[in-house]
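In: Only the shape, not the letters, is given here:
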């Protein structure tokens, strides 16, 4: 079976654009502090930069991608829905 490149690309773009993951910085910080994790410890667990995590908690990074959000959720042992808002584009 042969798939045309344009159709596959269009399908991927539609999938990526249909759902945006918006981190809830307040929730990330609240859960992190409740679990007595410093930003440094969370950075070590996720492999993400401390500055990046700080900006994420302060709401300065709007769409980090589901992969990074999943790393953070896994490191804090919570579901991704606990630390995100999911919204569809208008």
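Out: Yep, it's here. Remember, predicted model here, so these are calculated numbers, not experimental data. Residues are numbered from 1 along each chain as shown.
In: so the residue nearest the centre of the chain, which of the three states?
Out: Nearest residue to the geometric centre of the chain (Cα atoms, centre = their mean): residue 69, 2.5 Å. Following DSSP: H, G, I helix; E, B strand; the rest coil, we place residue 69 in the helix state.
In: wait, isn't it in contact with residue 21?
Out: Yes: at 5.6 Å, residue 69 counts as touching residue 21 under the criterion of Cβ atoms under 8 Å. C-betas here are computed from N, CA, C, even on glycine.
In: okay, and the common contacts of these two?
Out: Taking Cβ atoms under 8 Å, 6 or more residues apart in numbering as the criterion, residue 69 and residue 21 both touch 80, 84.
In: Can you check the pLDDT for the residue nearest to the centre of the chain?
Out: The score at residue 69 is 92. That number is its pLDDT.
In: Next: the one 10 residues further on.
Out: Reported pLDDT at residue 79 in the predicted model: 93.
In: Quick check: the gap between it and residue 55.
Out: The span separating residue 79 from residue 55 equals 22 Å under the rule Cβ to Cβ, to the nearest Å.
In: Check residue 48 too.
Out: For residue 48 relative to residue 55 (Cβ to Cβ), the value is 11 Å.
In: any idea which helix or strand comes after the lowest-mean-pLDDT helix or strand in the chain?
Out: Across the helices and strands of the chain, mean confidence by mean pLDDT, DSSP states H and E is lowest for helix 5-18: a mean of 40. Toward the C-terminal end, the helix or strand that comes next after helix 5-18 (DSSP states H and E) is strand 20-23.
In: Quick check: can you name the pairing partners of that following strand and their directions?
Out: Each strand pairing with strand 20-23, determined using DSSP bridges, is listed with its direction: strand 84-87 (antiparallel).
In: Wait, residue 78 touches residue 32, no?
Out: No: no contact is recorded between residue 78 and residue 32 when judged using Cβ under 8 Å, the distance being 9.9 Å.
In: Between these two, which is the more surrounded one?
Out: Between residue 78 and residue 32, counted using other Cβ atoms under 10 Å, the more crowded position is residue 32 (21 against 16).
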